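> no FASTA, just this:
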DNA sequence: CCTATATGACTCTTGGGTAAGTTACCACGC
DNA sequence: GCGTGGTAACTTACCCAAGAGTCATATAGG
């Protein structure tokens, strides 16, 4: 089998393995066995386990980051923007949901190379998140920079949680997830009066 | 040093190490070095790495679960309930924030014993979360069980994210975090109209 | 015959776990 | 007071499995 085809196959299997089980839980022998080849061939093509993971990140990153940029141009703001972004993510991930988790894998080794790749791809995502969060806080008359930081973290984790929940429910389609997300946002926002009441109680500025 | 005192010291250091770095990233040699003792002593007192982690979970669980029950009795519903719960958690964790992460450590080995301990302590938390989520969805006229499941997951991750963000900002007090959380909830809920507009667009039931 | 594809059979490090022994302390009979 | 034995606290030096990474070698197409 020619190198290019073999590399693609290995990469695809590795993405799934890393995404589903996490970096530490996947051994090079596992990947080799899944691909029906021997370990040295993977080392020949990808150099190291870290190198293989780096290739997975680049593959997944190109897929996701482009979509984030695309949906950001729809011109929505606030929660509507969040929902449009989610819709795009669900569509892109439909047949390869596990690649999402590569970027949130806490078991990957602390290496400058991997950090740089993750940062490169998440930069666009976090930038878009920061824009969306800034819109929401501005609408509420809130200019606290730490609030913005915390809210961006919360949004990222909401996205992550919805995708991970979806991973555990393979029968649910991307379109259904989009509708579900919208329903959940509506349910939560309906309770806004309660939030303001509590805010007044705890004396929040 | 007598056994009880030594055990307490090891446990305290192990909780911090596991909580901050995660199960896989902490070696028994690390813990031993931090405690200024040798590895076999830890094995003598805790049996295994998993046993040590189990003890950490029990220690942390007793602290947190009691508080969840306490705040649940305040009788709040919906977002107000979420905020009261968060307030209690922030107070309890003030001086040992890292123990929160023990229960969300995805790098722990898949063992029946650990699963049981985590389940025992999180049962109360997830039960309370399910109640709160049900209240919110009922108010929105939503009876979809999968929506409830997904929203409970989202809430848990929002709590987790806020605590983890707080971990990274040691100078912020528990009271400040409570106020911050309330402000963020208000900012998000203000945008409810947008959510309903999008829901109509995507055709959500 | 030469290069790309491919492998079996290694090495070496990491880290969980253990066997066997050493020291410190304390109760107790004299 | 003081040997003395027993036990709790503690360590050194090791074993062993898992898994990352390598080397010498084999085969097959141009």
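Sure thing, it's come through. The shown structure was predicted, so the numbers you read here are calculated from the model rather than taken from an experiment. Numbers count the residues shown, from 1 in each chain, chains lettered A, B, ... in the order given.

> rest of the way, CA atoms for contacts and neighbours
Noted.

> how about residue A:62, nearest residue that isn't a chain neighbour?
In this structure, residue A:62 finds its nearest non-sequential neighbour in residue A:121, 7.7 Å apart by C-alpha to C-alpha, 6 or more residues apart in numbering or on different chains.

> sec struct for the one you found, please.
helix (DSSP: H, G, I helix; E, B strand; the rest coil).

> now do the contacts for residue A:82.
residue A:132 (C-alpha atoms under 8 Å, 6 or more residues apart in numbering or on different chains).

> from residue A:130, how far off is it?
As judged by C-alpha to C-alpha, to the nearest Å, residue A:82 and residue A:130 stand 11 Å apart.

> ok, now residue A:193?
With distances taken as C-alpha to C-alpha, residue A:193 is found 25 Å from residue A:130.

> ditto for residue A:177
As for residue A:177, its distance to residue A:130 is 23 Å (criterion: C-alpha to C-alpha).

> more neighbours, those two?
A count of neighbours by other C-alpha atoms under 10 Å in any protein chain shown puts residue A:177 above the other of residue A:177 and residue A:130, at 22 against 18.

> which helix or strand lies directly C-terminal to the helix or strand that one falls within?
Following DSSP states H and E, one finds residue A:177 within helix A:174-189. Note on helix A:174-189: by DSSP H and E, the next helix or strand toward the C-terminus is helix A:192-202.

> now do that following helix: everything it contacts.
Contacts with helix A:192-202, where a contact means C-alpha under 8 Å, 6+ apart, come from B:78-80, B:83, B:178-179, B:182-183, B:185-186, B:189-190.

> and for stretch A:152-159?
The contact list for stretch A:152-159, computed with C-alpha under 8 Å, 6+ apart, reads A:86, A:126, A:129-130, A:133, B:154, B:157-158, B:161-162, B:165.

> in ChimeraX, select just the buried ones from the residues you listed.
Remark: buried members of the contacts of stretch A:152-159, expressed as a ChimeraX selection using 16 or more other C-alpha atoms under 10 Å in any protein chain shown:
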select /A:86,126,129,130,133 /B:154,157,158,161,162,165
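
> narrow the contacts of stretch A:152-159 to those in strands?
With strands defined by DSSP state E, no entry of the contacts of stretch A:152-159 lies inside them.

> and DNA strand D, which of the contacts of stretch A:152-159 reach it?
Applying C-alpha under 7 Å from any atom of the strand to the contacts of stretch A:152-159, one finds that nothing falls near DNA strand D.

> the contacts of stretch A:152-159 into TSV, with extra columns for pLDDT and distance to residue A:149?
Shown next, in TSV, are the contacts of stretch A:152-159 (pLDDT from 0 to 100; distance: C-alpha to C-alpha, whole Å):
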residue	pLDDT	distance to residue A:149
A:86	93	20
A:126	85	10
A:129	87	10
A:130	90	8
A:133	92	9
B:154	95	19
B:157	91	16
B:158	94	14
B:161	94	11
B:162	96	11
B:165	96	9
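
> which ones among the contacts of stretch A:152-159 lie within helices?
Using DSSP state H, the subset of those located in helices is A:86, A:126, A:129-130, A:133, B:154, B:157-158, B:161-162, B:165.

> pick out whichever of those residues sits closest to residue B:90.
residue B:162 (9.5 Å; C-alpha to C-alpha).

> tell me the contacts of the closest residue to chain B within chain A?
Nearest residue of chain A to chain B: residue A:189, at 4.1 Å (C-alpha to the nearest C-alpha). Listed by C-alpha under 8 Å, 6+ apart, the contact set of residue A:189 reads B:188-192.

> residue contacts, the nearest residue to residue A:134 once chain neighbours are set aside?
Closest residue to residue A:134 apart from its sequence neighbours, by C-alpha to C-alpha, 6+ apart: residue A:148 at 6.6 Å. Applying C-alpha under 8 Å, 6+ apart, we find residue A:148 in contact with A:130, A:133-134, A:137.

> in stretch A:192-200, which residues are buried?
Using 16+ other C-alpha under 10 Å as the burial criterion, the residues of stretch A:192-200 that qualify are A:192, A:194-196, A:198-199.
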